[in-house]
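Peer 1: give me coordinates for this.
(one chain, ligands or ions: 1)
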Amino acid sequence: MNATNVFNFIKENIGILDVVQQYTNVKKAGLYWKGNCPFHHEKTPSFTVSPHKGIFYCFGCSMGGDVVYFIEKAENRTPFEAVQYLAERHNITIPDSLLKSSPHQSETTESKKQYWKACTVFAQWCHLKLKKSKEALHYVQTRNISNEIIDHFQLGYFPSSPKQLTSLLTFAKQQSILAHDLIEAHIMFKGRATLYSPFEERIIFPITDHLGRFCGFGGRTFLPTDTRAKYYNSKETPLFAKGSLLYGFSQAKKAIHQQETSFLVEGYTDCLAMVQHGYENTVATLGTACTGTHLQQLSRYCQTLSILYDGDQAGHNAVMRLAELCWHMNLDPEILSLPKGSDPASYLDTHKSLDALVKEKQDIFSFFVQSLGHDFNKKPLAHKVQVTKKLLTVIRGIDEPIKQNILLEKTAKMLDIPFMSLLKSLQSTSSTPEKLQSIQQPAKQELKRPEASDLKTISRLEKKIFSVIINNMELIAYDEVVGLIDYFSHSLQNILKKVHALSKQGAVTFNTLYNELDEEQRKIISQILLEFNDGKSKEEFDYLLKLFQKHLWKCQVSDIKLQINQAQKNNNIQEVSKLLDKFQLLKKKLVTHQKGN
Ligand SMILES: [Zn+2]
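Peer 2: Purely as a prediction, here's the structure:
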């Protein structure tokens, strides 16, 4: 084993096929494997894997790279997090020497690890206790929460008594978590004589971060005699930031990605009820308003956000604010209006499904227009102006001009204002307020799937030759190959130059080359290798090279013809004769070449 860093170590120990199979069904097709792409929706498979080279490429969405890159994208992790994730999932221990030499190690310091571990241990203990407590379990069941959901979300209960405290500390100690760690994680607090916790005698909702690590808790009172605040949440810390955490996100991620849409609700129990009724793509905010960070996370996985709107609770302004944030994150908001007085959990208890609400769902604009009511015309002028401005802000946030026009027409009719004057005021203000632009740009960039540069314009012959060289990198030593490198398209030329440079230091392997490439080049190489992944003999290769050479000469010949024409027009006799000489030489080459075949 000659792994020089953690990335190579992972690639040498984990087969890309094993990893990919967990996300999509791929089948052998010739030298490579094919299946439906896990990154975009498709009916005919265009997602291709080469287990031999350890790379994948999707001909539908141009996503391509190695196994680490696959996990980066599939699980939304940094490269180093992807490495750790792969190591954990495949039970592989990364040698300390490699970890220490990794510049990314500082990402997860010991104290952070200890925090997550303390939270995990506490979640486990509470979960066990819930199952043993008739009273707590009864309460959860009266809320119609199924046993499966209790397990899926690891719901728990923290019984309070000196005996139970000892039980918790013993349980924790068995997993190397001490009282000190529980205090550091803000689960236990030091009292005068003993430890105590605000989570005691509460139903515990463990909260995980986007990587599925337990990082905090919500505790709800349930005893009729309990007069404390209904909810107690973990203390706000960098590892438990309510403004960026979404309850149920790590469990919902896959479903959100597959369905390209996510439901957003307000509380733990609403989230549980949604998932229990089959809406696995549901997340909840942690008792705070939805932030741009929340939406940015979601926008990496879906395009639509279904907001369950409860007429009694959330004001229109809250929904409008959310909608505005959505546009800047490239998320399409949809409003599902619940009947007055019901929340998602109670609605599902009675109706068992959201079908009726989904049928009646509204885009944010229709929602807004409807919510203004029928008696709009009776309202004072100042109110009308304000509403018009608000609507224009909404319309401005929409990218498609056609949609903008339709909505402007709607507004004109509704407010009884001429269409043209609305259009004018829409155009008179800049399309995006400056303040928002900074948020909008990065989100947009992230969503855009990068094309593999000028790949489409590169000829098949050129790509074929390129793939043969990459599959047999010793070919780069041949003079006739070196001589042709300069004639390849830029993106391929740069890669071949790297192969050539590396070959001077010894035999080049695919992995050493891959490590030298940037993300764009990795995509290119993945695509070409998966498109032309057929072994070629040296004879076939020579033939391809000759074809390429001939093609080059032909191009040069027609080029010279043009130049001769130009020189003749300019009466530049000297230039004409020079070009004619060149032309003859090339012609000769072409003729000999044709005889040679
Ligand atoms: Zn794809």
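
Peer 1: how far away from the center of its chain is stretch 125-144?
Peer 2: In terms of Cα atoms, centre = their mean, to the nearest Å, the gap separating the centre of stretch 125-144 from the centre of its chain is 36 Å.

Peer 1: buried stuff in that stretch?
Peer 2: By 16 or more other Cβ atoms under 10 Å, the buried positions in stretch 125-144 come out as Trp125, Cys126, His127, Lys129, Leu130, Ser133, Ala136, Leu137, Tyr139, Val140. Bear in mind the C-beta positions are built from the backbone N, C-alpha and C, glycine included.

Peer 1: how about stretch 338-350?
Peer 2: For stretch 338-350, burial by neighbour count (16+ other Cβ under 10 Å) applies to Leu338, Ser342, Asp343, Pro344, Ala345, Ser346, Tyr347, Leu348.

Peer 1: nearest to the ion, out of the residues you listed: which one, please.
Peer 2: Taking Cβ to the ion as the measure, the ion lies nearest Pro344 of the buried residues of stretch 338-350, at 32.8 Å.

Peer 1: list the contacts of the residue nearest to the closest one when sequence neighbours are not counted.
Peer 2: Residue nearest to Pro344 in three dimensions, not counting chain neighbours: Asp270, with 4.2 Å by Cβ to Cβ, 6 or more residues apart in numbering. Applying Cβ atoms under 8 Å, 6 or more residues apart in numbering, we find Asp270 in contact with Ala284, Leu308, Asp343, Pro344, Ala345.

Peer 1: let me have those residues in CSV, extended by pLDDT and secondary structure.
Peer 2: Listed next are the contacts of Asp270 as CSV, based on pLDDT from 0 to 100; DSSP: H, G, I helix; E, B strand; the rest coil:
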residue, pLDDT, secondary structure
Ala284, 95, strand
Leu308, 86, strand
Asp343, 87, coil
Pro344, 91, helix
Ala345, 92, helix
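
Peer 1: tell me which of those is nearest to Val394?
Peer 2: Nearest to Val394 among the contacts of Asp270: Leu308, at 20.0 Å, using Cβ to Cβ.

Peer 1: doesn't Ser346 make contact with the closest one?
Peer 2: No - look at Leu308 against Ser346 with Cβ atoms under 8 Å: they stay out of range, at 11.8 Å.

Peer 1: so which residues of the stretch 401-550 of the chain form helices?
Peer 2: With DSSP state H, counting those that start in this stretch as the criterion, the stretch 401-550 of the chain has helices at 401-415, 419-428, 434-447, 460-471, 479-485, 490-503, 510-516, 519-531, 538-569.

Peer 1: hey, where'd the strands end up in the stretch 1-150 of the chain?
Peer 2: All strands of the stretch 1-150 of the chain, identified by DSSP state E, counting those that start in this stretch, fall at 26-29, 32-35, 47-50, 55-58, 64-66.

Peer 1: and the ones you listed, which is most packed in?
Peer 2: strand 55-58 (a mean of 27; mean count of other Cβ atoms under 10 Å).

Peer 1: quick one: it to chain centroid distance?
Peer 2: Offset of strand 55-58 from its chain centre (Cα atoms, centre = their mean): 17 Å.

Peer 1: same check, this time on stretch 227-242
Peer 2: 28 Å.

Peer 1: export that stretch to PDB, keeping only CA atoms.
Peer 2: Extracted C-alpha coordinates of stretch 227-242, given in PDB (Å, rounded to 0.1, in the frame of the first residue of the first chain):
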ATOM      1  CA  THR A 227     -46.000  24.000  35.300                       C
ATOM      2  CA  ARG A 228     -42.600  24.600  33.700                       C
ATOM      3  CA  ALA A 229     -42.300  26.100  30.200                       C
ATOM      4  CA  LYS A 230     -43.700  23.600  27.700                       C
ATOM      5  CA  TYR A 231     -40.400  23.300  25.800                       C
ATOM      6  CA  TYR A 232     -36.800  23.500  26.800                       C
ATOM      7  CA  ASN A 233     -34.100  23.400  24.100                       C
ATOM      8  CA  SER A 234     -30.400  22.800  24.300                       C
ATOM      9  CA  LYS A 235     -28.200  25.900  24.800                       C
ATOM     10  CA  GLU A 236     -27.300  27.800  21.600                       C
ATOM     11  CA  THR A 237     -23.700  27.000  20.700                       C
ATOM     12  CA  PRO A 238     -21.700  26.900  17.400                       C
ATOM     13  CA  LEU A 239     -22.600  23.100  17.300                       C
ATOM     14  CA  PHE A 240     -26.200  23.800  18.100                       C
ATOM     15  CA  ALA A 241     -27.300  26.800  16.100                       C
ATOM     16  CA  LYS A 242     -31.100  27.000  15.700                       C
END
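
Peer 1: quick check: mean pLDDT across that stretch?
Peer 2: On average, the pLDDT along stretch 227-242 is 89.

Peer 1: neighbours of whichever residue of the stretch 101-250 of the chain sits closest to the ion, just the number please.
Peer 2: Using Cβ to the ion, the single residue of the stretch 101-250 of the chain nearest to the ion is His210, 22.2 Å away. Residues near His210, counting by other Cβ atoms under 10 Å, number 17.

Peer 1: what values do phi and psi take at it?
Peer 2: phi -70, psi -10 (degrees, to the nearest 10).

Peer 1: so what's it scoring on pLDDT?
Peer 2: pLDDT for His210: 83.

Peer 1: next: the one 5 residues further on.
Peer 2: Per-residue confidence at Cys215 stands at 95 (pLDDT).

Peer 1: likewise for Gly65?
Peer 2: Here the pLDDT value assigned to Gly65 is 93.

Peer 1: got it, and Phe70?
Peer 2: For Phe70, the pLDDT comes out at 94.

Peer 1: could you list the contact residues of the chain toward the ion?
Peer 2: Among all residues of the chain, those adjacent to the ion (criterion: Cβ under 5 Å from the ion) are Cys37, Phe39, His40, Cys58, Gly60, Cys61.

Peer 1: mind putting the residues you listed into JSON lines with pLDDT?
Peer 2: Below are the residues of the chain next to the ion laid out as JSON lines (pLDDT from 0 to 100):
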{"residue": "Cys37", "pLDDT": "89"}
{"residue": "Phe39", "pLDDT": "84"}
{"residue": "His40", "pLDDT": "81"}
{"residue": "Cys58", "pLDDT": "90"}
{"residue": "Gly60", "pLDDT": "83"}
{"residue": "Cys61", "pLDDT": "83"}
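
Peer 1: narrow the residues you listed to those that are buried.
Peer 2: Among these, those classed as buried by 16+ other Cβ under 10 Å are Cys37, Phe39, Cys58, Gly60, Cys61.

Peer 1: circling back: worst mean pLDDT among the helices of the stretch 401-550 of the chain?
Peer 2: Here the lowest mean pLDDT among the helices of the stretch 401-550 of the chain goes to helix 434-447, at a mean of 33.

Peer 1: would you point out the most distant pair within the buried residues of stretch 125-144?
Peer 2: Farthest-apart pair in the buried residues of stretch 125-144 is Trp125 and Tyr139; separation 18.6 Å (Cβ to Cβ).

Peer 1: show me where pLDDT drops low in the protein?
Peer 2: Applying pLDDT under 70 to the chain picks out residues 1-3, 101-109, 311-316, 327-330, 365, 369-377, 397-403, 429-457, 533-537, 590-597.

Peer 1: what residue of it is the furthest out?
Peer 2: Seen from the C-alpha centroid of the chain, the residue lying at the greatest distance (Cα atoms, centre = their mean) is Ile573, 62.9 Å away.

Peer 1: and that one, what does it touch?
Peer 2: Counting by Cβ under 8 Å, 6+ apart, Ile573 has no contacts.

Peer 1: switch the cut-off to 10 Å
Peer 2: With contact taken as Cβ atoms under 10 Å, 6 or more residues apart in numbering, Ile573 is in contact with Ala567.

Peer 1: what about it, distance to Val557?
Peer 2: The spacing between Ile573 and Val557, counted by Cβ to Cβ, to the nearest Å, is 21 Å.

Peer 1: likewise for Glu266?
Peer 2: Using Cβ to Cβ, Glu266 is found at 72 Å from Val557.

Peer 1: between these two, which one's more packed in?
Peer 2: Shown here are Glu266 and Val557; by other Cβ under 10 Å, Glu266 has more neighbours (22 against 16).
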